[in-house]
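> My questions are about this predicted structure, shown below with the sequence.
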Amino acid sequence: MDKLEKGRVAHYFRLLEHIRMKYKVGEETALALLHEVAEDLRVQAEQEGRGPVRETVEGEEPATDRQLQYLKRLGVMPEKGLSKQEASGLIDEALEKGASKGQSPEMSQAGNLDKSPDVEVEKI
């Protein structure tokens, strides 16, 4: 399981726990509610002609515009609803992949060298 998949699984576990605590229900009920919410979001996204949508857990901060822009410069297309923590992990992963190929972080930006490589990135 790669880092992105692990992040998604962790996200669903946080949502499950959030539902259990907020609505004071058992695990089976919380799981059923989470399933219904996820299905509703998928249907809504399809009806609106969008791709899959994720909601962040209450209290989680969404990724900043700088993080999202930097991910795109690194060749990563971020999902909607990405949290700051998840964006930070994806940035690290993209930079590690570039380093493992013997490239500097700036060189791993897949053809986006005409943009300034010294962008400040908010990491947590």
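Received, thanks.
> and Ala10, how many neighbours does it have?
Neighbourhood size, Ala10 [other C-beta atoms under 10 Å]: 13. In short, each C-beta sits where N, CA and C put it, glycine included.
> how far away is it from Gln69?
24 Å (C-beta to C-beta, to the nearest Å).
> hang on, isn't Leu74 packed against Glu93?
No. Between Leu74 and Glu93 there is no contact under C-beta atoms under 8 Å: 9.3 Å.
> all strands in the chain, in order from the N-terminus.
Assigned by DSSP state E, the strands in the chain number zero.
> show me where the chain has helices.
Assigned by DSSP state H, the helices in the chain fall at 3-23, 27-47, 65-73, 84-100.
> Ends of stretch 72-86, what's the gap?
By C-alpha to C-alpha, to the nearest Å, the extent of stretch 72-86 from end to end equals 14 Å.
> Give me the buried positions along it.
Neighbour-count burial for stretch 72-86, counted by 16 or more other C-beta atoms under 10 Å, picks out 73-74, 76, 78-79, 81-86.
> Let me have these in JSON lines, extended by pLDDT and distance to Asp65.
Below are the buried residues of stretch 72-86 laid out as JSON lines (pLDDT from 0 to 100; distance: C-beta to C-beta, whole Å):
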{"residue": "Arg73", "pLDDT": "91", "distance to Asp65": "13"}
{"residue": "Leu74", "pLDDT": "90", "distance to Asp65": "15"}
{"residue": "Val76", "pLDDT": "89", "distance to Asp65": "15"}
{"residue": "Pro78", "pLDDT": "84", "distance to Asp65": "11"}
{"residue": "Glu79", "pLDDT": "83", "distance to Asp65": "15"}
{"residue": "Gly81", "pLDDT": "82", "distance to Asp65": "14"}
{"residue": "Leu82", "pLDDT": "84", "distance to Asp65": "12"}
{"residue": "Ser83", "pLDDT": "85", "distance to Asp65": "14"}
{"residue": "Lys84", "pLDDT": "86", "distance to Asp65": "11"}
{"residue": "Gln85", "pLDDT": "84", "distance to Asp65": "16"}
{"residue": "Glu86", "pLDDT": "86", "distance to Asp65": "15"}
